[in-house]
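Undergrad: show me how the following folds:
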Amino acid sequence: MSSPNAPSERHDALRAAGLAPDPVIEAYKRGVDRTLLRQNLLRSPTERVRNLIALQELAEEARRAGAAANRGW
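TA: Below is the predicted model:
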């Protein structure tokens, strides 16, 4: 049994409105973990910004480590 928001039901609703699902968007959606999006939306905007800052700091640390490793070669 499908959920009320099952893809086929959404597609039926789009078709009933005279629209069709965009095949490009549908192809991209297959590779997106929507559970992570839902979990993130449960967080406050402040929590989301803090997580983004932490991710940016991690990325910068990884860049520095990569640069340091490349200098050692």
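Undergrad: just give me the longest helix of the protein.
TA: When the chain is parsed with DSSP state H, its longest helix is helix 45-71.
Undergrad: looking only at pLDDT, what's the mean for that helix?
TA: Averaged over helix 45-71, pLDDT sits at 96.
Undergrad: repeat that for stretch 28-36.
TA: 89.
Undergrad: off-centre distance for that stretch?
TA: Relative to the chain's own centre, stretch 28-36 is displaced by 6 Å; criterion: C-alpha atoms, centre = their mean, to the nearest Å.
Undergrad: any idea of the mean pLDDT in the helix or strand that contains Ala13?
TA: Using DSSP states H and E, Ala13 maps to helix 7-16. Averaged over helix 7-16, pLDDT sits at 79.
Undergrad: can you list the domain ranges for the chain.
TA: 1-32, 44-73 (automatic domain parsing).
Undergrad: can you add distance to Arg38 and mean neighbour count and give those back as CSV?
TA: Backbone N, C-alpha and C define where each C-beta goes, glycine included. Output for the domains of the chain, formatted as CSV (distance: least, C-beta to C-beta, whole Å; neighbours: other C-beta atoms under 10 Å):
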stretch, distance to Arg38, mean neighbour count
domain 1-32, 11, 9
domain 44-73, 13, 10
